[in-house]
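Student: Got a sequence here, can you build the structure:
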Amino acid sequence: MGENSTSDFDDRGGSTLEESPPRDSETNESPAGKSEVTRESKGIRESLSTIFSWRNYTVYLLTAWVYNGFAIIYEFFNLYLRALDWDYVLIGTVVTIIVALSAASRLVGGYVGDVVDRKRLSALAMLMLAMYHLIMGVTTDFIFIFGALVIYATMDLAKGGSTAYIMENIPKEHSGLALSLFQTGRSWGILTLAAFGLMLPIFDFPVSMRLIYLVSGVFLLVCALARAVLLSPSPQKGRAKDRPLWRDFVAENRQAVKLILSYMPAVMAIVVLDAISDSLWRYGALIYTNEELEFTIPSIAVMVLIPLIISLPLLIKVGRFSDVKGMKKTTLLVYSIMPICAGLLFMAQHIEYWVPVSIVDAADSIVGGLELVFTTPFLAIVIKAINDSLWALVLMTLIQKSMPSTDTAKVLGIFWTVVYVVTSPGYFVGGLIFEFMGPANMFIIIMIVNLLILGGIAKYGFRSKEPETLTERIGVLESTVDQLKREIEDFRTRRKL
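Tutor: Numbers count the residues shown, from 1 in each chain. Here you go, the predicted structure:
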């Protein structure tokens, strides 16, 4: 559950991630090294100045941070449904239906996002999120929960335009850093988890979940109002009046498909394969840890909390790294961790600790409960959660750098529709695997898929097709003109300052 976020590395690089400069016997750092650090620091400041010169970015960023801070509760969604006595297959079936509905909504939403004012869509998307949270916060009835999930899925009608509102206006040369700032908003989830942890001893797990949903729903209502009032309008070109609505819809989406195949075929292939393994992991990792490995909800909350603290500086560094060093290096660096995590969770049923037991006993005698940190499931889930945040940034940066600057909402709509269609059966399949094959076997499947993706990235990279048709060439020219307009506007803004 949650926005794709979409959840992180791009190839910007910088001296902070490179090998340290040579040192001599009398100084701690060479003048060249100091100069490099100074240039890097200045470059980041200039990038941030350019990014925040657009006022709407600040408004959108702050409201997105509120959502991301509360969205951490989605990590417990499947556990919550299990606590309400939903069985494995029912959870998988319902989530599959909802993801399929999201796919259809995303397809239509891509078209809507290019013909309707995106400011309104941004506010509407936040309003629908608020409605979902409020309903989840006040009821445990199956019909109402399913209805809330339908609202959550149909939010994608507005989400395409909402995402395009910000993606289309971020300068591509600073996109890694700009998008990493959105991902850092997940760190506000520390406050959510702290409140959640305080509630658990007082209330039971389901009641604590509903209280978090209810409070977050109120905050999201305020965010919807803020977007409606503070964001600048973003009127779109509208649809062609000389042809029927359905024909215009088909024609526009056909053009979006051509743009995707021209600009980012490799990105699409990687994301589709990753969506399969990710849906299986999201379905089963925490259920397996809770029910098969017998870890308590408070212990799992700690596993979810630690990555929020560790990932914050990594997101900024990786965002900058991708802008400087290139996407292939960044993607290989991040994705190489994925199969390791799946393998660790599979082995957790046989290897309880990742260090000798003597170290575990000594640590636990000093600080009670520290034993948790040395368990194999803790290592697997924490590393995977950190890597997921970084991978989400990588994906969004890949998309932002690869896609054309025209018809953004439709391109994103088609892109994520394909991903959702591929993802949706994964939850149902996950339920069947848990019910009939044994939970541990699923992590072997995940590891195999991850290794295939890693091999594909290493061999093929992210080569894009050159534009061939007249329409594609016009799209490239329009993209160049839009980029020049943004650079001129940035120059004028700096002159005024």
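
Student: Give the burial count for the nearest residue to Pro339 once chain neighbours are set aside, as a bare number.
Tutor: Residue nearest to Pro339 in three dimensions, not counting chain neighbours: Asn450, with 3.9 Å by Cβ to Cβ, 6 or more residues apart in numbering. Where C-beta positions appear, they are placed from N, C-alpha and C, glycine not excepted. With neighbours defined by other Cβ atoms under 10 Å, the count for Asn450 comes to 24.

Student: would Asn450 count as being in a helix?
Tutor: Yes: judged by DSSP: H, G, I helix; E, B strand; the rest coil, Asn450 forms part of a helix.

Student: can you count the residues close to Phe77?
Tutor: Phe77, neighbours per other Cβ under 10 Å, totals 18.

Student: contacting residues around the helix or strand hosting it?
Tutor: In the assignment (DSSP states H and E), Phe77 maps to helix 77-83. With Cβ atoms under 8 Å, 6 or more residues apart in numbering as the test, helix 77-83 has contacts from 1, 91, 205-206, 209, 282-283, 286-287, 290-291, 297, 300.

Student: among the residues you listed, which are in strands?
Tutor: Secondary structure assignment (DSSP state E) places none of those within strands.

Student: Using CSV, lay out the residues you listed together with neighbour count and distance to Met396.
Tutor: Converted to CSV, the contacts of helix 77-83 look like this (neighbours: other Cβ atoms under 10 Å; distance: Cβ to Cβ, whole Å):
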residue, neighbour count, distance to Met396
Met1, 16, 18
Ile91, 22, 28
Phe205, 19, 32
Pro206, 14, 33
Met209, 25, 28
Arg282, 21, 18
Tyr283, 26, 23
Leu286, 23, 24
Ile287, 19, 28
Asn290, 20, 30
Glu291, 15, 33
Ile297, 19, 31
Ile300, 21, 27
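
Student: Identify, from these, the entry nearest to Lys119.
Tutor: Of all the contacts of helix 77-83, the one sitting nearest Lys119 is Met1; the distance, using Cβ to Cβ, is 25.6 Å.

Student: Do you know the pLDDT at Val419?
Tutor: Val419 is assigned 79 on the pLDDT scale.

Student: Neighbours of Met105, how many?
Tutor: Met isn't right for residue 105; it's Ser. The tally of other residues near Ser105 (other Cβ under 10 Å) stands at 25.

Student: Then the one 5 residues further on?
Tutor: Residue neighbour count, defined by other Cβ under 10 Å, stands at 31 for Gly110.

Student: How much space separates Phe76 from Val207?
Tutor: Distance check for Phe76 against Val207: by Cβ to Cβ, to the nearest Å, it reads 13 Å.

Student: Ile91 now?
Tutor: 20 Å.

Student: Please apply the same query to His133.
Tutor: Applying Cβ to Cβ, one obtains 16 Å for the distance of His133 from Val207.

Student: out of the two, which sits in the busier spot?
Tutor: More neighbours surround His133 than the other of His133 and Val207, with 27 against 13 (other Cβ under 10 Å).

Student: Stretch 76-88: which residues count as buried?
Tutor: The neighbour-count criterion (16 or more other Cβ atoms under 10 Å) identifies Phe76, Phe77, Asn78, Leu79, Tyr80, Leu81, Arg82, Ala83, Trp86, Tyr88 as the buried residues of stretch 76-88.

Student: Lovely, talk soon.
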